[in-house]
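K.L.:
predicted structure and sequence below. I'll ask about it afterward.
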Amino acid sequence: MKVAIITFPGSNCDYDLYKCVQLVGGSPDFVWHREVELGNVDAVMLPGGFSYGDYLRAGAIATMSPVMDSVKAFAAAGGPVVGICNGFQMLCEAGLLPGALLRNDSLLFVSQDVLLRVESDSTVFTRGYEVGQVLRMPIAHAEGNYHTDPETLDRLESEGRVLFRYVDASGKATADANPNGSARSIAGIVNENGNVMGMMPHPERAVEEILGSVDGTGIFEALLAHLSPVGTT
Amino acid sequence: MSDRPEYNGTSPGSTLAPREGDPPITPELVDDHGLSPSEYDRVLKILGREPTYTELGVFSAMWSEHCGYKNSKRLLRLLPTEAPWVIQGPGENAGVIDVGDGLALAFKIESHNHPSAVEPYQGAATGVGGILRDVFTMGARPVAVLDSLRFGNLDSGRVRYLFSGVVKGVGDYGNCVGIPNIGGETFFDEGYEGNPIVNAMCLGLMKAEDLIKGEAEGVGNPLMAVGARTGRDGIHGATFASEELSEDSEASRPRVQVGDPFTEKLLLEASLELIQSGHITGIQDMGAAGITSSASEMAGRSGNGVEIDMDRVPVREPGMTPYEILLSESQERMLVVAKSGHEDDVKAILNKWELEAEEIGVVTDDGLFRVMEGGRAVAEIPSLPLTEGCPTYEREGVESDEIKELRCMDLSRFQDAESDQTEAFLKLMGSPNIASKRWVYRQYDTTVRTGTVIRPGADAGVVRLRGTSKAVAATTDCNGRYVYLNPRMGTMAAVAEAARNLVCVGALPTAITNNLNFGSPLKPHIYHQFREAVLGMADACKLFETPVTGGNVSFYNETDGVAIYPTPVIGMVGIVEDVAHLTNAAFEEEGDAIILLGDNTDELGASEYLYVIEGLVAGEPPSVDLLAERRLQHAVLAMIQKGLLHSAHDASEGGLACALAESALGRGGSPMGVHVTLHDALSPLPLLFGEAQGRIVVSCDARSVDDALRTAKKHGVPCRQIGQVVSADEGFRVEGRSVTLEVDVDTMSELFFGAIPRLMDGASQT
C-alpha cells in the first residue's frame, strides 16, 4: 500500500501518520503541498496539525494548496482518502465531506482520550471492527464540534455514513461523553461513495500498547487489506 | 595572519558622531536605561569616549539583569556543572547531555513572568516559543514541553484571568507547533497574586554529532537574519524584565512580544534542515535583546567581531532607527552564520518553508560589534567587554526578621488541635494545590509525536526514545513556601522532590536546569534568600550527581515592593533504561500491598494543611536528609527495575493522606479504595498531613512484599507495609492510634477532579 501523506506548512501529525503506516506494513511517502502530482499512490492521507496556523478557519487555506486538485481528482476516481483532525477539517472545507467543524462548545482546546462506538463496519476503513465495538483513542483539537443541517445529519445516519460516535464506557452517546458538542456525538463520517473518511480523533496515536491503546490500528489494517490485492506496489 | 586585537581599555579608535535625531546623552537618559553611574563609567572606559544613543541602548540591554546576570553570576559559579555525561554545560542556548545510543538530549527552562503579568496570553505563548528556539538552535528537535506556573488564589477575578490566559497561551503555542506537553506544576498562593510565575521547559533530541553552537566562526562568513521580520515589538523587553512591576507596568504592554506559532513551526523545520545541510557554522535565537545579544554573544564566544548593516535587516515598517532594530524582540527570528558562498543555499531552504533569509552582516577579525547605517558606523563596541564585561555584584544578604519569626513560630497549638480530620482531609483534596490539574493539561496536546508514554498528571512525564528501549523523564518542582521560610532547606527539598518524582516513574535522575525566580537582589533579605537557595541547590545537586547544565535567573518579581516567595524551580531530567520499567502513581490491583518507604515525622511546618486550614504560612519546612534521599532513590529504582512494583508515588503537599488518595484516584478512570493502618506514635495532623520529605508510597502484588521489603532494607531505607488496595466500594480508610479517616471514594474523586473546574466557573468537568 503506497500512501501519500500530504504535508502542509503547519502540519504536525505527518510524522506520526508516517510511522503508523509503516507499522502496519504500508509504504508511506511525504508529499509537499506545493506538488501538483501525487504520483502512483494507493491512498492519500491528510494529517492533523495547524495548516497555515489555522488562519482564516482551520483547514481553509490548505484547500487552496496546489496539491489539493490532485487530491480531489484522486477522490473522484474512487481512491481512498483519510483526513484526521486538521485533515478532516480540510475535507469539509474542500467540499469532499459535508458539514463543518466549529469551535468546541467549551471554547477550550480539548486533549484527552475518548471512547468511540463503531457505527458502521461496511466501509474500507472500518471493516476490521464490529458495529457497537468501543474504541479508545486520543483527541486534541479546538475545532472539532461537527455541525451540519438536520437533513444532512438524517441522510448521513440513514446511509450508514456516520462511522464513529463519542460514547461513555457503557457505549452510550451521552452529553457528558461528547467532548466538543458535536451534533449527534459524531466523531467521524464517510462520503457517499465510501472512499473519503474524516474523523477528529487520532487513530494514528493509538497503534502501540505503550501509547495506551492499539484500537486505532484497525483502520490502517483494514485499508491495507483492501488495497493489497490490487495494490500497485 | 591576523591576531585578535587585545582589548586594553582604550578606545577602539574611531570617534562616532551622534546620529541625527538621536537624543543627547544625559545622566537622566543613562538612568532611564537602567545603568548605574559606576556602570556608565565602565562604558566610558570601554569605549574611551561617550557612547552614542544606539550604543547606550545596546549596553543597557546587554548589561540588564536578564542578559548580564550581574547580581547572580558570582553565586551561580558555586553550582556543580560537570559530569561525564554532560556534553554542554551553562553558557549556550541550552544544556546538552549524552543519553546513550548516539543520542543527546538538549533541555532548558526559561521564565516569562513579567510579560505574563501584563499580557498573560502572549506572555506565556512567547515564553514557550523562546524555549523551543533555545533547544532547536542546538540542532535538537523539541520532543516535549513542561510548564511550571504559579498564581495567586483563584477567588480573585484578576487571578482567574491570568491563569486562564497563561494556560491558553502555553497550550495554543505548543499545540500549534506540535510539541507535546508532558508535565509541570501549577501552584496557587496569594504570595504570587500580582506577579505570576510562568516558566517553560523544553526537551529536544538529536544525534550527538549534530550539536551546533551559537558561535560566529570564520572571518568573512556572512551573518543572515532568518525567519520573521523585525518590528517595533518587545523593544527593551530585557530591561523591562529586570524591573519590578508596579501600577505603571500596564503601560509596558507594548514591550510584550507577540507570538506566531505557525511561523515558529516553519522556522523549526527550516532551522533543523539548515543545520543538517552543512551550509552554516552557527545559529542563535534572537531572544531577549534581539539582534544585539545574538550577534554580540556569537561574536564574543568565538572571539571574533561582527559588522551588521541596518539597511539590510528585513523590517516590518519603514523608518525604524538602529536603536529600535537592534533592541526589537520580535519573535520567531534567528541569526545564522552561513559559510561564505552558501548564502543562496540557505535562502533556498528558508524559501521552501516560506520564510526569508537575508545577509545583514559579516564576521570580522577586529573583535568589535559594529553597526552600520547608510555607510556610517552608529555603534562600535568591543564584543567581549560587551558580553562578558557586565559588572557583577555580590550584595549584602541578611535574613528578614519577619520571616525568621514566621519560621520560628510555635506550631504546637495547631499541631495538637482537636480538629475534624475528615473535614480537613476533604478540604485539602479540594484545595487547588492538591486537586487534579486536569483543567490545565486538558488544554495541552500531550500525545502528538506519539512519543509520550507517561502523560501529565503523573509524578513525571516520560517520552520514549524511538529505536531504543530507553525513555527520558522530566519534572519541574519547587515549593516556594518552603524556600520562603528556609531558603537553603527549601531548595534542597525542591531538588529532592524532583529526584523522587523521576525515580517514581522509573528514571535515574541525571541533570537539572533551573529557573531562579526571586524578588529584587538589591534588597538584603532577597539576596539572602538567593544565596541560601544557590547553596542548597549546590549541595543537593552534588550529592545526587545531577549537575546544572543551564537555566535562567528572574529577579525583580515584585509588585509594588512586595516580592513573591523565592521560587527556584528545578527542571530535572532522568533516563529510563527500559520502557518495560515505566511505573505510574495509580494503584492498580485489588489486594495489592501498600508499602511506605521512608519515615513519618512530626513536621507540620510550611504545609498545605496550615495554609488551607489555619491560613498560615509558617513554621520550619520539612527537613531534608540528602543521604537518606539518595538511598531512597536507589531503593525505589532497584524495586522498579526488578519489576516488583505496580505503582510508586511520592508524598508531598498534603502529606501521606493526600498521597494515598492521589494513588487511589489515579486519572479518574478506575479509582480504587485503600485500607491503611499506621502505628506511628505521632499526633494525627503531622501524621496525616505533615509533609515530611523522603517518603514514597508504592504498591505491589502480595507475593512481592518480602522481596520489596528486603530490597529497601538492603539500601538502608526504612520500609513497611501499611495496608492494602481494595475496591472503590470499600472506601478510603486510614486508621491509627488517634486517627480515623473514612471517606467514600466518589466524594473524594468529585472534590479532587472538580475543584479547579468549579473555581473556573462552569468549565466542563469531564
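P.N.:
All right, it came through fine. Numbers count the residues shown, from 1 in each chain, chains lettered A, B, ... in the order given.
K.L.:
contact residues of chain A facing chain B?
P.N.:
Taking C-beta under 8 Å from any C-beta of the partner chain as the contact definition, chain A meets chain B at A:9-10, A:12-13, A:15-16, A:19-20, A:48-50, A:52-55, A:106, A:108-112, A:138, A:140, A:142, A:176-177, A:179, A:202, A:204-205, A:207-208, A:210-211. The C-beta positions use only the backbone N, C-alpha and C, and glycine is treated the same way.
K.L.:
the same query, at a cut-off of 6 Å, please.
P.N.:
Counting by C-beta under 6 Å from any C-beta of the partner chain, the residues of chain A lying close to chain B are A:9-10, A:12, A:16, A:50, A:53, A:106, A:108-109, A:111-112, A:138, A:140, A:176, A:205, A:210-211.
K.L.:
show me where the stretch 651-766 of chain B has its strands.
P.N.:
Under the criterion DSSP state E, counting those that start in this stretch, the stretch 651-766 of chain B contains strands at B:673-678, B:696-700, B:719-726, B:732-736, B:739-743.
K.L.:
need the ones you listed in CSV (columns: mean neighbour count and mean pLDDT).
P.N.:
Below are the strands of the stretch 651-766 of chain B laid out as CSV (neighbours: other C-beta atoms under 10 Å in any protein chain shown; pLDDT from 0 to 100):
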stretch, mean neighbour count, mean pLDDT
strand B:673-678, 21, 98
strand B:696-700, 27, 98
strand B:719-726, 20, 98
strand B:732-736, 21, 96
strand B:739-743, 17, 94
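K.L.:
out of the ones you listed, nearest to residue B:460?
P.N.:
strand B:696-700 (12.9 Å; C-beta to C-beta).
K.L.:
partner strands of that closest one, parallel or antiparallel?
P.N.:
strand B:593-597 (antiparallel), strand B:645-650 (antiparallel) (DSSP bridges).
K.L.:
who's in contact with the first one?
P.N.:
Which is strand B:593-597. B:632, B:696-700, B:702, B:705, B:708, B:712, B:717, B:719, B:721-724 (C-beta atoms under 6 Å, 6 or more residues apart in numbering or on different chains).
K.L.:
of those, which pair is most distant in space?
P.N.:
Across the contacts of strand B:593-597, the longest distance by C-beta to C-beta is 22.9 Å; it joins B:632 and B:702.
K.L.:
among these two, which residue is more densely surrounded?
P.N.:
residue B:632 (28 against 12; other C-beta atoms under 10 Å in any protein chain shown).
K.L.:
okay, that one: pLDDT?
P.N.:
Listed pLDDT for residue B:632 reads 98.
K.L.:
what do you get for the one 10 residues further on?
P.N.:
The predicted structure scores residue B:642 at 97 on the pLDDT scale.
K.L.:
can you count the residues close to it?
P.N.:
Other residues near residue B:642 come to 13 when the count uses other C-beta under 10 Å.
K.L.:
what about it, distance to chain A?
P.N.:
Distance of residue B:642 to chain A, given as C-beta to the nearest C-beta, to the nearest Å: 20 Å.
K.L.:
quick check: next helix or strand after whichever strand or helix holds residue B:56?
P.N.:
Using DSSP states H and E, residue B:56 sits in helix B:53-62. The helix or strand immediately downstream of helix B:53-62 is helix B:65-68, counting by DSSP H and E.
K.L.:
ranges for the helices of chain A?
P.N.:
Secondary structure of chain A (DSSP state H): helices located at A:14-23, A:67-76, A:86-93, A:150-158, A:217-227.
K.L.:
the closest residue to chain A within the stretch 1-150 of chain B pairs with what?
P.N.:
Per C-beta to the nearest C-beta, residue B:141 is where the stretch 1-150 of chain B lies closest to chain A, at 9.8 Å. Beta bridges link residue B:141 to residue B:205 when assigned by DSSP bridges.
K.L.:
what about it, neighbour count?
P.N.:
Look at residue B:141: counted by other C-beta under 10 Å, it has 19 neighbours.
K.L.:
closest point of the stretch 251-400 of chain B to chain A, which residue?
P.N.:
Closest point on the stretch 251-400 of chain B to chain A, by C-beta to the nearest C-beta, is residue B:262, at 2.8 Å.
K.L.:
repeat that for the stretch 501-650 of chain B.
P.N.:
residue B:579 (6.1 Å).
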